[in-house]
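Q: Sequence and predicted structure below; questions after.
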Amino acid sequence: MRWSFNCFAPVVALAVYGAVLAQTPDYKNVGRAPTEQEVQAMDIAIGTDGKELPPGSGRAKEGAKIFKAKCEVCHGANLEGSQMAPALVGGKGTLTSLHPKLTVGSYWPFSTTIFDYIRRAMPRYQEGSLSADEVYSLVAFVLYRNEIVKEEDVIDAKTLPKIQMPNRNGFIPQKLDEIHDPKKRGCRLGHCP
Amino acid sequence: MDDVLVAYGQNGEALRPQQGYPIRLLVPGWEGINNVKWLRRIKLVNEPYMGMWESTKYPSLRTDGLSRWFQFEMGPRSVITRPSGGQKLSGPGFYEISGLAWSGGGVIRNVEVSVDAGRTWKEAEIQGPVNPKAHTRFGFAWDWNGEETALHSRCTDERGDTQPTPAELAKFWRVEPEFFRTTGTIPGHFNAIQPWKINRDGSVQNALVL
C-alpha cells in the first residue's frame, strides 16, 4: 500500500483541513491521536431518548433573559424571526397550506433536538459558549413560548426527553425502527410513501 | 449498504480538498448528503439520531401535512442526453438517441425508449459498462419523419423497479397527476420520465414543465 494510515486519527481532518498535499507520498508524521477531551468536545450528539443530556437545568424565566441578550437580535423580540434567523413560534395549522411555516412548535418532532441544536450551533459566531444551564433555560423558554410547557416547568435531562412535541406524529414512518426497512415502509420506484 | 467506502483517493491521487481531503464517505446509491466530506469521525448508534437537519430540514413535507423522512436511496432514473432540450435536429432522417440511466437499487437491467410520447415502447441497447448504482449509457436508433413528437426513456433496475411516470410519482406526493407539469415544482428525489418535445423545425424542448 502506498498510503500509510498509522496515526491517521480523525483530528488529522481538522489539522490539515483544506491543505493540498498531492505531492506528499504518504501520511507519515501527520497528525496524532486525539485526546479524550478532544473527542468529547466533538461527541455532543443527543439522541431522542436524551441519554447523553448533561447535568443541569433551566426554566423559561432565565431563558427569557438569555434570549434577550443573545438571541433576540436575530430571532426577534417575539421570536418572530428576521432575515437573519427563522421564526421560533407560530405556524400551527399551516403545514397543509401553500406556504407552510415550519417552526419548533409547528414542525419539530423531538424536544431533544432543540437542546442539541442550541448547544451545537447557537448563538452564531459564539457556538459552544453557552453552559448547560443556559441551554436548558433557552429550551424551556422556546417550549414555553410555543405553549408546550408551562413557564415554571423545570427542563433537565429527565424532563426534556418526555416532552411530546405537537408534530411528533407528522412524519412517515412514525416509528424510528421502521426507517431501516424499505419493505416495511412500502418503498417502490425509489420512493417511500 | 454493503458497499460504503471510506475513501482517501481518487484516480490515482489523494482526494482533492473540494472532494473531501483527506478522507470522505462514499455511499453508493444514496443521496449526496450521506456522502460526508472531510470526515472527522464515525460513531455507531442503535437508532437514527435526530439532529436539526435530519428531523426538520431533510424531511419532505407533503401537501397533506405529513412529511416523509430518511429518504436516502435514489430511485431508478434515466434521461436522454441527445437529442435533449436546447439542441436542434437538422432535419428528418436517422438519429442515434443516446442517454444515461442509473439507480440506487443496483444494476440497470433494461432501458426502453418511446419516440411517440409514451404510447409505445421499445428496448434500447445498453452500451455499458454496466455497474451497480452507476451511470449506464444506452442507445436507440431512430428515424425521424419530421413530425412533431416527444422522446421518452424509462429504465428498470435489478430489483424490478421501473422509473415512474410523473402521474405515478404524483401519487406518492399526494398531488394531482399534472401537478409537476403545471406548477413546475420538482421535489427532491424526483425520478420521473423526462420527456423531450421535438418540434417540426427540429428544435428540442423540455416537456416536463409547461
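A: Nice, I can see it.

Q: Quick check, central residue of chain B?
A: Among the residues of chain B, the one closest to the centroid is B:R77, at 3.6 Å (C-alpha atoms, centre = their mean).

Q: The biggest helix by length in chain B and chain A, any residue contact?
A: Identified as the longest helix of chain B according to DSSP state H is helix B:166-172. Yes: counting by C-beta under 8 Å from any C-beta of the partner chain, chain A has neighbours in helix B:166-172: B:168-169, B:171-172. Just so you know, the C-beta spots here come from the backbone N, C-alpha and C atoms, and that holds for glycine as well.

Q: tell me how far that helix is from the chain's mean position?
A: How far helix B:166-172 lies from its chain's middle: 15 Å, per C-alpha atoms, centre = their mean, to the nearest Å.

Q: Ok, stretch B:59-78 next?
A: In this view, stretch B:59-78 has its centroid 14 Å away from the chain centroid, taken as C-alpha atoms, centre = their mean.

Q: For that stretch, list every residue counted as buried.
A: B:59, B:61-62, B:66-78 (16 or more other C-beta atoms under 10 Å in any protein chain shown).

Q: And for stretch B:200-210?
A: Neighbour count says stretch B:200-210 has B:204, B:207-208 buried, by 16+ other C-beta under 10 Å.

Q: Next, residue 155: phi, psi?
A: Assuming you mean chain A. Backbone torsions of A:I155, given as degrees, to the nearest 10, read phi -100, psi 120.

Q: that answer is for a different chain, and I need it for chain B
A: Torsion angles, degrees, to the nearest 10, at B:C155: phi -120, psi 160.

Q: Count the neighbours of it for me.
A: By other C-beta atoms under 10 Å in any protein chain shown, 27 other residues sit near B:C155.

Q: from what I can see it touches B:G99, true?
A: No: between B:C155 and B:G99 there is no contact under C-beta atoms under 8 Å: 9.2 Å.

Q: what residues are shared contacts of the two?
A: Jointly contacting B:C155 and B:G99 under the rule C-beta atoms under 8 Å, 6 or more residues apart in numbering or on different chains are B:78, B:111, B:138.

Q: Mind jotting down where the helices sit in the chain?
A: Chain wasn't specified; assuming chain A. Using DSSP H, helices in chain A cover A:11-15, A:36-42, A:60-70, A:72-75, A:111-121, A:132-145.

Q: wrong one, chain B
A: Remark: helices assigned in chain B by DSSP H are B:52, B:166-172, B:179-183.

Q: of the ones you listed, which approaches B:P92 most closely?
A: Proximity to B:P92, assessed across the helices of chain B by C-beta to C-beta, is greatest for helix B:179-183 (27.9 Å).

Q: now that closest one, how far from the chain's geometric center?
A: The answer for helix B:179-183 is 18 Å, by C-alpha atoms, centre = their mean.

Q: Which residues does it contact?
A: If you take C-beta under 8 Å, 6+ apart as the criterion, helix B:179-183 is touched by B:166, B:169-170, B:173, B:176, B:185-186, B:190, B:192, B:208-210.

Q: Check stretch A:82-95 too.
A: Contact partners of stretch A:82-95, identified using C-beta under 8 Å, 6+ apart, comprise A:73-76, A:78-81, A:100-107, A:124, A:142, A:145-146, A:166-167, A:170, B:61, B:65.

Q: so what's B:D143 up against?
A: B:93-95.

Q: Just give me the least confident of the residues of helix B:166-172 next to chain A.
A: For these, the model is least confident at B:F172; its pLDDT is 83.

Q: That one contacts A:P193, correct?
A: Yes: counting by C-beta under 8 Å, B:F172 touches A:P193, with 5.1 Å between them.

Q: Please identify which of those two sits among more neighbours.
A: Taking neighbours as other C-beta under 10 Å, B:F172 and A:P193 compare with B:F172 leading, 22 against 15.

Q: give the contact list for the more buried one.
A: A:189, A:191, A:193.

Q: hmm, try it at 10 Å
A: By C-beta atoms under 10 Å, 6 or more residues apart in numbering or on different chains, the contact set of B:F172 is A:186-193, B:60, B:62, B:68, B:75, B:164, B:187, B:189.

Q: Repeat that for A:K158.
A: A:K158 neighbours (C-beta under 10 Å, 6+ apart): A:50, A:53, A:57.

Q: By neighbour count, which of those residues wins?
A: If you count neighbours using other C-beta under 10 Å, the busiest of these is A:L53, which has 23 neighbours.

Q: you'd agree it is up against A:L160?
A: Yes: using C-beta atoms under 10 Å as the test, A:L53 is close enough to A:L160 to be in contact (6.4 Å).

Q: Leaving out the residues flanking it, which one is nearest to the residue in chain B that chain A sits nearest to?
A: In chain B, the residue that lies nearest chain A is B:G75 (1.5 Å; C-beta to the nearest C-beta). Spatial nearest neighbour of B:G75, chain neighbours left out: A:G190 (1.5 Å); criterion: C-beta to C-beta, 6 or more residues apart in numbering or on different chains.

Q: Neighbours of that neighbour, how many?
A: The local packing of A:G190 (other C-beta under 10 Å) involves 26 other residues.

Q: mind giving me the domain ranges of chain B?
A: B:5-44, B:77-206 (automatic domain parsing).

Q: highest average neighbour count across these?
A: Stretch with highest mean neighbour count among the domains of chain B: domain B:77-206 (a mean of 17; mean count of other C-beta atoms under 10 Å in any protein chain shown).

Q: before we move on, back to that, buried ones among the contacts of stretch A:82-95?
A: A:75-76, A:79, A:81, A:100-107, A:142, A:145-146, A:166-167, A:170, B:61.
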